[in-house]
Structures are given as C-alpha cells and as structure tokens.
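[1] how does the following fold in three dimensions:
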Amino acid sequence: MADFTYLLRPKSFDAILGQEHLTSSSSALRTLCQKRELPHSFFYGPPGSGKTTIARVIADVMSLPFYEFNATSLKIEQLRKIFERYTNTLEKPIIFIDEVHRLAKNQQEVLLPVMENNSVLVIGASTENPYFSLTAAMRSRSLLFELKSINTNALRELLSLTCKEASLHIDEDAQEYLIYGSGGDARAMLKLLESASHISLHVSLDILKQLRPTALTNGSSEAGVHYDLASAMIKSVRGSDADAAVYYLARLIQGGEPPEFIARRLVILASEDIGNANPQALTLATSCMSAVSRIGYPEARIILSQTIIYLSGSPKSNSAYIAINEAQKAIQDGEILEIPESIKQHNRDYKYPHDYGGWVKQRYLSRELKFVRLKDIGYEGKMKRWFSQLDNDSSS
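    This is a model prediction of the structure:
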C-alpha cells in the first residue's frame, strides 16, 4: 500500500488544508508566488503542519527546480555544485532547507551571496522561529511565515479523503482518536492510519491504541476535551481555585497527557498571570518543567500538583504580559527610536549607576515611552514603590 503522506500530499495551494491564512486566493504569499516575486522565505510551525508541502507547491507554482536539504546533514560542497550548475543560466532553483534553525554560521555565509544576487531562491522550514538563529544579514533579505497546528475540521477532511483513496473503513471512535489524538499533526495522523491499514482495512480504536496507546499531545481522544481541560486548568489557576486546578490536572493525567506539555503551560502561566507579583512562581514552574521531563509518570504527577497549588495560591498580575505586548505593537507601528549616544557600546559619557550608589539620572530612550504599569500586588507592589521613588528623585 502506498505511503499515505505521499499519496495525499497536496499539489496546489487550493489542496492545502488548515493554512488558509497563507494559501487562500487573497493571501500575500500566494499572490507573490503567482507573480513570481516571492523573496527568500522561512516557514515555521508545529510538526506536520505542511511546511515542506508549501515549499513544494511554491516550486510548482513558480516553475522552479527544487532541491531539498536538511540543515543537520547539509554540506557546503553540495550547495556550491548547485550554484555552479545554474551560473549564467536564466533558471533559478529553489534551495529548500529543513530544520533551518540548525544552520551553522559558515553555512549561512555561503548562502548569503546567492541570496544577495537572487541567483537562487532560499526557502527554509523549522519547528522553531528561525529568526532567532539566523544572522541579521539573512533576516533582512527574507520573509517569515508562521504555520498553525492543523485544525480538527481540516484533519477530518484529510482523514475522509485518505479513507476514500485507500478504500478504508474506519469506526467512528477510531476517527475521533485519530483526529483529536494527533495534536494537529497531519503527518502523525496519516502515519498511524497507514500502520493500522497494514493490519486491517477495517480500522478500529483497538488497533489504533495498540499502535499508539496515548495521544501525542492531546490529553484525550474525545472531541474537544483536550483543549477544554487544558483551558479549564489554566483558568482555575488564574482564578486561584486550587481544588479545581488539581481536578483538571488529574483529568489531563488520566487522559494520557504528557507531563512536559502540562509543565510548559504552567511556565507560561507563571509569567503571564503571576509575573512579578511573585517572581518565585516562574522559578518553581521552570524547575517543575525540568523535573517532570526527567522523572516522568507516575511520580511527575506529584511535582505537577505541588506546582499548580503554589501557582493557584500566588498573587496575580499580568503587567509583564501587557508591557511586552504594548512594546511590540509600538515597534510594529513604526516606533523605531535612535539609541541615545551615552548608552551605546564603548561610549565614555555613560554613567555607571554603581558609581552613584546604584542609580543615577540618565536618558535610556530618545523619547519617553510607557509600557510598564505595575500593580499594588505582592512583590510587584514593592517594585512599583521603588520605581515611584526613582521618578521622584529624577524630577527633583
């Protein structure tokens, strides 16, 4: 039987499911491709969300040769041979690099000249935001596109197409397990279905669970339960209801939720919803994430429970969350300020605060901006009073 991921791989933008913000007829990406004006681009998103598929569709739409590499095994000599092959030709190849965030600096330096003269089109894919690992020179010559986890409606449609194409009969509860137990990863769903089809053309939940006993990232195979339980747990902690939070934690654990997923959500919550009202919350949540990844179940449940109770009992503040959102929005809206000369590197006019007892009046922004609005809650209240005292000293 054919490889399902190959059998169902979309050949056009219209056939790609779950990424309409990139593939719809009105999307900027599709328009640039159709006009053959797409610059070097990098795609990032969860596993199985369609990054490689989009790259191949781009090659088809733009009618360009397609060369596929993985950054972990890419050799510079391979690139140079391709560059030489297309020197003094009118044809421009696509160099597609998966796991682009793993590109070494010397590999990036080899790509830079051909990116500059546009003799090739570089497209990269990563499960991580590659802009943190790429050099400024590469970033300035590229666009960045984010892919989302494949939603359940798109997975359901893909599953239906696969079953029709492969002449499979699948029980309803098995369908739900495939859709909600694949964590938005279309490739993982198809691989599990393909393995099951080798056992029987009538796919049952029992067959699927023998092959994959628990969901990949979802805590339950029941429709919507994973997301609802995770949401309920977080909102219970945010609302300082420790009993409710522990209950939903138990539901997630019993549903086979990986402890790492739960811990990651708690780390985010510790900053987003508690922040500097209790800075120790982030420390404990981070320690929890490290511990459960090494220990695993069943003992990890105790560590998660301790952390959830602590976070529930902590004072809450979202001032850090609001501050970074407002700062990023200001930059996106064009608020790009010159760095004051006194705080640039090696400037002799810089006043070292420790030489003045820990603080000295000095300009750090070329124009006053205000993003941080602290609350009178927990430790954050102390910080607010400290900043207020500095403001008084500054104006005196």
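[2] CA atoms for contacts and neighbours, from now on please.
    Will do.
[3] and residue 97, which of the three is it?
    Under DSSP: H, G, I helix; E, B strand; the rest coil, the three-state class of residue 97 is strand.
[4] hmm, it is touching residue 71, no?
    Yes: when contacts are counted by C-alpha atoms under 8 Å, residue 97 is listed as touching residue 71 (6.0 Å).
[5] more neighbours, those two?
    residue 97 (24 against 20; other C-alpha atoms under 10 Å).
[6] got the contact list for that one?
    Residues in contact with residue 97 (C-alpha atoms under 8 Å, 6 or more residues apart in numbering) are 68, 69, 70, 71, 122, 123, 124, 125.
[7] how much space between it and residue 51?
    With the distance defined as C-alpha to C-alpha, to the nearest Å, residue 97 ends up 11 Å from residue 51.
[8] with residue 340 instead?
    Between residue 340 and residue 51 the distance is 41 Å, computed by C-alpha to C-alpha.
[9] tell me which of the two has more neighbours.
    Between residue 340 and residue 51, counting by other C-alpha under 10 Å, residue 51 is the more crowded of the two (24 against 14).
[10] is it true that the more buried one touches residue 41?
    No: with contact defined as C-alpha under 8 Å, residue 51 does not count as touching residue 41 (11.3 Å).
[11] where do the strands of this structure begin and end?
    Counting by DSSP state E, the chain has strands at residues 40-44, 66-70, 94-98, 121-126, 142-146, 169-170, 202-203.
[12] and the angle from the first one to strand 94-98?
    Right, strand 40-44. 30 degrees (axes from the mean of the first three to the mean of the last three C-alpha atoms, to 10 degrees).
[13] who are the packing partners of strand 40-44?
    If you count contacts as 3 or more C-alpha pairs under 8 Å, 6 or more residues apart in numbering; DSSP states H and E, strand 40-44 packs onto strand 121-126, strand 142-146.
[14] so can I have JSON lines of those showing distance to residue 162 and mean neighbour count?
    Shown next, in JSON lines, are the helices and strands packed on strand 40-44 (distance: least, C-alpha to C-alpha, whole Å; neighbours: other C-alpha atoms under 10 Å):
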{"stretch": "strand 121-126", "distance to residue 162": "25", "mean neighbour count": "23"}
{"stretch": "strand 142-146", "distance to residue 162": "26", "mean neighbour count": "17"}
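[15] just send those strands back as TSV, with distance to residue 114 and mean pLDDT too.
    Supplementary listing: the helices and strands packed on strand 40-44 in TSV, determined by distance: least, C-alpha to C-alpha, whole Å; pLDDT from 0 to 100:
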stretch	distance to residue 114	mean pLDDT
strand 121-126	8	94
strand 142-146	13	93
